[in-house]
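> after the sequence you'll find the predicted model.
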Amino acid sequence: MPALVEPVERPEPPQHADERTTMDAFLDYHRATLLNKCAGLSDSQLKLRSAEPSTLSLLGLIRHM
C-alpha cells in the first residue's frame, strides 16, 4: 500500500526577520520535518501508537499540524 505522505522540501527559516515572519517560518520548517519523517511509511506504521497509555500516532500528529 502506498504511503500517505510524500517527501517535501524543507524551507530554511530566515536568519534575520521580524518575530511573526520567524515564527511562521519555523512552523513551516517543523511541519516539513514531520512530513519528511513520515514519508515512505505504510498506513499501518503511521497509525501505530507510540507507547501505552498514549494514543499518539504519527498520523494523529499530521492531522493536528
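Everything's here; your move. Here the structure is a predicted model, which is why all the values come from computation and not from measurement.

> the longest helix anywhere in the chain packs against which elements?
What stands out as the longest helix in the chain, according to DSSP state H, is helix 19-38. Counting by 3 or more Cβ pairs under 8 Å, 6 or more residues apart in numbering; DSSP states H and E, the packing neighbours recorded for helix 19-38 are helix 58-64. Just so you know, the C-beta spots here come from the backbone N, C-alpha and C atoms, and that holds for glycine as well.

> circling back to that earlier point, what helices and strands are in contact with whatever helix or strand comes next after the longest helix of the chain?
Going down the chain from helix 19-38, the next helix or strand is helix 43-47, by DSSP states H and E. Secondary-structure packing of helix 43-47 (3+ Cβ pairs under 8 Å, 6+ apart): helix 58-64.

> how far does the helix it packs on sit from its chain's centre?
Remark: helix 58-64 is offset 8 Å from the chain centroid, using Cα atoms, centre = their mean, to the nearest Å.

> alright, I will stop here.
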